[in-house]
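> pasting a predicted model and its sequence here:
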Amino acid sequence: MNRKMIVSVVVLFALLAVLFTGDTGKAVKSAGKSNPVASTGPVQDGTETLDDSLAAVARQIPGFGGMFFDQDGTLQVYMLGQKGPADAGLMTLLDNVITREVGRGERLSGKGIEILEGQYDFLDLHRWQQQMSPVVLALPEVVFTDINEKTNRLEIGITNSPGMAEAVEKSLSELGVPREAALITEAKPVETELRNVRRPLRGGLQINFGNFLCTLGFVAVRQGITGYVTNSHCTNTQGGVESTVYHQPSASGTANRIAQEIADPTYFTGGSCPAGRQCRFSDTSFARVPHPSGPAVTTALGSIARPAVNSFTWNGVDTFTITAEAAPVVGQAVTKVGRTTGRTTGTIQQTCANFNVSGSTITQLCQSRASYTSAGGDSGSPVFRITALPNVTLVGIHWGSGGVFSPITGIQMAGELGAVNTCAGGGC
């Protein structure tokens, strides 16, 4: 029996198990959890990264190698031993499991699923990523590590410094990671990025702290307190609370004082964090509104300023409305709104990649990258998918050059900001 036939038989039995289980969702998810894959860091309270969710799919569907959206919005799924049209049973199983594990109930395959022939099971890629990431990111001039969903491979981004590729290859060999399973590509270092008074406060507006400018990410309610989320590096000290004072759009005595930082987790070391570095799963902080010694300030929960595409000029009226939150998936179209470059668009290029921050000892774990344009001062910009104007699904918060952002799933982790309510009307 060849490999394709074996995979088909296993998938058939998996589908039958789903069909003949009384509580379908719970039964399959429980089976998927029986052989847990170690997380890439101190994830608590059962919170999962996107890679963990894809690994859960792979545990339930043998041969699953990852997925991404193509330009037409069709979900492309890698399967070992499969190429071209697949039987209806496999397509149904993929649709159901991906909806549950990745979409969290949202059906992602609205334009259909196509099967691509894969070479690597996602569980193997996930395991190798966990093995290599702490070691490889500890090397100088390494920019990121990732599971590249579009290529069914690992990817390591490095600068063009002499000898870097060889050093990475040596590490892969020592770790037992197959060289052919990893792409080593040239990448630019990721650097962190730092106009009218606007009330109520909403996502995309300029904020000021000290001598720096950033962008207000999104208004949120955290532990019953109203405020907003922006970057951790948009505070006086990245990581740890020192009560940073914010103004909008800029300082003018106390007249424009709007908020005070109250949550900014410290960065951790050890474990999956590379040697000599400090790590987190999101570049985020939370500030309460209003500032205790400032004027009254109004906020608009779930609202983001909506300028024209490729413009930062806003009429003060048109807005986006956050109605849902979701993890980003490679190939999806996303938008960001920031105080410098305004509203720009692109597609998700990477998810759950680990990035070293240029000029620092910080490593941001399980981050995403998109092809939208950004510049200094756009740090903190909300990143979202437009569903049906004006409604959008929030996917994260921008922090780095080259369109790097922290996914909402990482922001919501225990150990990061935890549960924050971001939707209009408190609906998510």
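Received, thanks.
> quick one: low-confidence ranges for this structure?
Low-confidence segments of the chain, defined by pLDDT under 70, span residues 1-47, 84, 192-195.
> make it 90
Scanning the chain for pLDDT under 90 picks out the ranges 1-49, 81-89, 104-111, 140, 161, 188, 190-197, 271-272, 312-317, 425-428.
> any chance you could map the helices in the stretch 51-200 of the chain?
With DSSP state H, counting those that start in this stretch applied, the stretch 51-200 of the chain shows helices at 88-101, 122-136, 164-175, listed in chain order.
> quick one: which of these is nearest Ser243?
helix 122-136 (33.0 Å; C-beta to C-beta). Where you see a C-beta, it was placed from the backbone N, CA and C, and this is true even at glycine.
> which residues sit against that closest one?
When contacts are taken as C-beta atoms under 8 Å, 6 or more residues apart in numbering, the neighbours of helix 122-136 outside the stretch itself are 37-38, 40, 51-52, 54-55, 57-59, 64-66, 78, 142, 145-147, 152-154, 156, 168, 171-172, 175-178, 181-182, 272-275, 354.
> is it possible to mark the buried ones in those residues?
Buried members of the contacts of helix 122-136, counted by 16 or more other C-beta atoms under 10 Å: 37, 40, 51-52, 54-55, 57-59, 64-66, 78, 142, 145-147, 152-154, 156, 168, 171-172, 177, 182, 272-274, 354.
> when you check the residues you listed against the strands, which ones overlap?
With strands taken from DSSP state E, the overlap with these comprises 64-66, 78, 142, 145-147, 153-154, 156, 182, 354.
> from Ser173, how far out is Pro292?
When C-beta to C-beta, to the nearest Å is applied, the distance between Pro292 and Ser173 equals 57 Å.
> brain fart, Ala327
33 Å.
> just want to know which of the two has more residues nearby.
When Ala327 and Ser173 are compared for neighbours, Ala327 comes out ahead with 23 against 11, by other C-beta atoms under 10 Å.
> phi, psi for that one please.
phi -70, psi 140 (degrees, to the nearest 10).
> residues contacting it?
Leu50, Ser53, Val102, Arg104, Thr351, Val395, Pro407, Ile408, Thr409.
> let's have these in a markdown table, adding neighbour count and distance to Thr319.
Conversion of the contacts of Ala327 to a markdown table gives the following (neighbours: other C-beta atoms under 10 Å; distance: C-beta to C-beta, whole Å):
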| residue | neighbour count | distance to Thr319 |
| --- | --- | --- |
| Leu50 | 21 | 28 |
| Ser53 | 20 | 31 |
| Val102 | 19 | 29 |
| Arg104 | 13 | 26 |
| Thr351 | 30 | 27 |
| Val395 | 28 | 18 |
| Pro407 | 26 | 23 |
| Ile408 | 28 | 19 |
| Thr409 | 27 | 24 |
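> closest to Thr226 out of the residues you listed?
Distance to Thr226, by C-beta to C-beta, is smallest for Ile408 among these, at 18.3 Å.
> which one is the closest one nearest to, not counting chain neighbours?
Sequence neighbours aside, Glu325 is the residue nearest to Ile408 in space, at 4.8 Å (criterion: C-beta to C-beta, 6 or more residues apart in numbering).
> now swap in Ala167 and tell me
Spatial nearest neighbour of Ala167, chain neighbours left out: Leu139 (5.7 Å); criterion: C-beta to C-beta, 6+ apart.
> neighbours of the one you found, how many?
Leu139 sits with 16 neighbouring residues when counted by other C-beta under 10 Å.
> so it versus Gly112, what's the distance?
Using C-beta to C-beta, one obtains 41 Å as the distance from Leu139 to Gly112.
> then Gly203?
According to C-beta to C-beta, Gly203 stands 33 Å off from Gly112.
> re the thing from before, so which of the helices of the stretch 51-200 of the chain gets nearest Ile207?
Distances from Ile207 to each of the helices of the stretch 51-200 of the chain were compared by C-beta to C-beta, and the smallest falls on helix 122-136, at 32.7 Å.
> pull out the buried positions in the closest one.
Counting neighbours by 16+ other C-beta under 10 Å, one finds that the buried residues in helix 122-136 are 122-126, 128-130, 132-136.
> now those in CSV, with distance to Cys279?
Formatted as CSV, the entries for the buried residues of helix 122-136 read as follows, by distance: C-beta to C-beta, whole Å:
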residue, distance to Cys279
Phe122, 23
Leu123, 24
Asp124, 24
Leu125, 21
His126, 18
Trp128, 19
Gln129, 15
Gln130, 14
Met132, 15
Ser133, 10
Pro134, 9
Val135, 14
Val136, 14
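> closest one of those to Ile258?
Distance ranking of these against Ile258, using C-beta to C-beta, places Ser133 first at 38.1 Å.
> quick revisit: give me phi/psi at the residue nearest to Ile408?
Backbone phi and psi, for Glu325 under degrees, to the nearest 10, turn out to be phi -130, psi 150.
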